[in-house]
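> Give me a 3D structure for the following:
(chains A and B)
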Amino acid sequence: MSDAQNPPVSGGDLARAVLEGPDIHRALTRIAHEILERTKGAESVVLVGIPTRGATLARRLAERVARFEGRKVPVGAVDITMYRDDLRLRPARPLGHTELPPGGIDDRIVVLVDDVLFSGRTVRAALDALNDLGRPRAVQLATLVDRGHRELPIRADYVGKNLPTAKSEKVKVYLEETDGRDAVVLVREGAR
Amino acid sequence: MKHLISAGDLGRDDALLILDTAEELARVSERSIKKLPTLRGRTVVNLFFEDSTRTRISFEAAAKRLSADVINFSAKGSSVSKGESLKDTALTLEAMGADAVVIRHGASGAPHRLANWVRGSVVNAGDGTHEHPTQALLDAFSMRRRLGRLEGLKVAVVGDILHSRVARSNVLLLSALGAEVTLVAPPTLLPVAVENWPCQVSYDLDSVLPKSDVVMMLRVQLERQNAAFFPSAREYSRRYGLDRDRVAKLHDDAIVMHPGPMNRGMEISAEVADSPRSTIVEQVANGVTVRMAVLYLLLGGAIGGDVQ
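All right, here's what the predicted structure looks like:
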């Protein structure tokens, strides 16, 4: 997950916006169309976001699917904190909000939604969490940005933008609902 | 936060973090798989020197739902009855690699001593007449779930305040969370220096009831009533027992709580205990949730030699 809680970039860091508001809108529109295409009308699809920004993106995708095909896709959120593999590296973290989509996930096609795909560990944790919530027919993955550097055999089914990055760079996602504006920013740590 | 010894150690933010975490964890109890992998490989020891069913089982269920290994230790039938000291027991547990020790002890301050002897976290599950912080947390959690807020809530705690660790922990926690607590008891069942506690005191239950949002009845600890604190059980019940007539004085949304175990017919009538106002059964369910939150926040992150 990206760390977009602190918008102003500190001195010495170089920040470059790689996606602006309209780019994000177009990317989400395309992903919504791709979901409809691949799942043949999204009949048994549920969208499950990973808090906080993945959950916001899931709601936006659901709104687009409803607009394009008039189908209301159930939306939920799954917090992965309790399933992380790096819990012991930091003090206990506050939990995000988990909400099963109406009707549950049993025998549905779950599209997991996250903002940034990086090591793949968050998605691994989300798969474990889904396992405890029910038994989906299939799980697919949608992400706004794929920045590479996978550490696990995980790939996305729907990608907003493939973004080549150096491992030392940070990708920050800002969304209107939580941050007051839409943007994806690449931050290069400056020499300090 | 490393230990949970006193509700007084919790600031407003700590307490709210525990309650908010519990709110999320409450959903786990509603799922078909009521288990999280979070504390895999951690060991929690329940060290109970006093009898308890609900608190011990509650801690055990909480630890197991987080996938911790649980070792139950009760003083009866252990080396303690052969005269082993608390310190030696503690060192034994330490050698077994306990990451957390949940202790109930008859002596006030025992958890505090224990915290100096073991490397793991210590959770006070009731020490003498001193404190029972997780009970206060689950009470606050139950109030917030039923009434939607804690700030400004008027809470009457009624009964044997003198012997009650629940009362002290509740006063400390609820005052930190912005609730207004009134202790109601006969003068003989109030502790010395109660005027220094962050709460009001009254001897008259009937005048307190109409303005209360929550009435928490405490058990009359008959096993500790050796000094004749009141003339007879019947007289106590007449002045401080909660029955149908007294409940009628409460406003419509007010709730009735009891930490259990109850003396039905003494401090609370059976009819009131089983009424829709009563949160007594919810309190037990909420106890597991709140204790999960406490164990997660104490053990879920980096502790002791985890970080190199």
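> and the closest residue to chain A within chain B, which of the three is it?
Chain A sits closest to residue B:301 of chain B, with a gap of 3.5 Å, by CB to the nearest CB. From N, CA and C alone the C-beta is placed, and that goes for glycine too. Classification of residue B:301 using DSSP: H, G, I helix; E, B strand; the rest coil returns coil.
> What about residue B:13, how many residues nearby?
By other CB atoms under 10 Å in any protein chain shown, the residues close to residue B:13 number 9.
> List the contacts of the closest residue in space to the residue of chain B closest to chain A that isn't next to it in sequence.
With CB to CB, 6 or more residues apart in numbering or on different chains as the criterion, residue B:301 has its nearest non-adjacent residue at 3.5 Å, and that residue is residue A:92. By CB atoms under 8 Å, 6 or more residues apart in numbering or on different chains, the residues touching residue A:92 are B:296-301.
> part of a helix, is residue A:92?
No. Residue A:92 sits outside any helix when classified using three-state DSSP, being coil.
> Need the pLDDT of residue B:89.
Looking at residue B:89, its pLDDT stands at 87.
> Is it correct that it is in contact with residue B:80?
Yes. Applying CB atoms under 8 Å, one finds residue B:89 in contact with residue B:80, separated by 6.4 Å.
> Mind checking which of the two has more residues around it?
residue B:89 (22 against 17).
> Can you mark which positions in the helix or strand where the more buried one lies are buried?
Using DSSP states H and E, residue B:89 maps to helix B:86-95. Judged by neighbour count (16 or more other CB atoms under 10 Å in any protein chain shown), helix B:86-95 contains these buried residues: B:86, B:89-90, B:93.
> Could you do stretch A:64-77 as well?
Within stretch A:64-77, the residues scored as buried using 16+ other CB under 10 Å are A:64-65, A:73-77.
> same thing with stretch A:105-124?
Neighbour-count burial for stretch A:105-124 [16+ other CB under 10 Å]: A:105, A:108-124.
> check whether that stretch contacts chain B.
No. Stretch A:105-124 stays clear of chain B (CB under 8 Å from any CB of the partner chain), getting no nearer than 9.8 Å.
> CA atoms only for that stretch, dumped as CSV, please.
What follows is stretch A:105-124, C-alpha atoms only, in CSV (Å, rounded to 0.1, in the frame of the first residue of the first chain):
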residue,chain,number,x,y,z
ILE,A,105,-17.9,-13.8,-1.5
ASP,A,106,-18.9,-17.5,-1.7
ASP,A,107,-18.9,-18.6,-5.3
ARG,A,108,-18.4,-15.1,-6.7
ILE,A,109,-15.6,-13.7,-8.8
VAL,A,110,-13.8,-11.5,-6.4
VAL,A,111,-11.8,-8.6,-8.0
LEU,A,112,-9.3,-7.4,-5.4
VAL,A,113,-8.6,-3.7,-5.8
ASP,A,114,-5.4,-1.9,-4.5
ASP,A,115,-3.8,1.3,-5.4
VAL,A,116,-0.2,0.2,-5.9
LEU,A,117,1.2,-3.2,-6.7
PHE,A,118,4.8,-3.5,-5.5
SER,A,119,6.3,-6.5,-3.7
GLY,A,120,3.0,-8.5,-3.8
ARG,A,121,3.0,-9.1,-0.1
THR,A,122,-0.1,-7.1,0.5
VAL,A,123,-1.9,-9.1,-2.1
ARG,A,124,-0.7,-12.3,-0.5
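> what's the average pLDDT for it?
The average of the pLDDT scores along stretch A:105-124 is 96.
> quick one: the helix or strand following the helix holding residue B:89 to helix B:86-95, angle?
Sequence order places strand B:100-105 as the next helix or strand after helix B:86-95, per DSSP H and E. For strand B:100-105 against helix B:86-95, the angle by axes from the mean of the first three to the mean of the last three CA atoms, to 10 degrees is 160 degrees.
> Given strand B:100-105, what are its sheet partners and their directions?
strand B:43-48 (parallel), strand B:121-127 (parallel) (DSSP bridges).
> rewinding a little: tell me which two in the buried residues of helix B:86-95 are the farthest apart.
By the measure CB to CB, B:86 and B:93 form the most distant pair in the buried residues of helix B:86-95, at 10.5 Å.
> which residues touch residue 108?
Going with chain A. Applying CB under 8 Å, 6+ apart to residue A:108 gives the contacts A:44-46, A:74, A:101, A:136-137.
> my bad, the chain I had in mind was chain B
Residue B:108 makes contacts with B:127-131, as judged by CB under 8 Å, 6+ apart.
> Mind doing that once more with 10 Å?
The contact partners of residue B:108, taken as CB atoms under 10 Å, 6 or more residues apart in numbering or on different chains, are B:127-131, B:165, B:168.
> repeat for residue B:115
By CB under 10 Å, 6+ apart, residue B:115 lies in contact with B:2-5, B:90, B:101, B:103, B:121-124.
> Closest to residue B:213 out of those?
Distance to residue B:213, by CB to CB, is smallest for residue B:4 among these, at 26.4 Å.
> nearest spatial neighbour of that closest one, skipping sequence neighbours?
The shortest distance from residue B:4 to any non-neighbouring residue, by CB to CB, 6+ apart, is to residue B:123 (4.9 Å).
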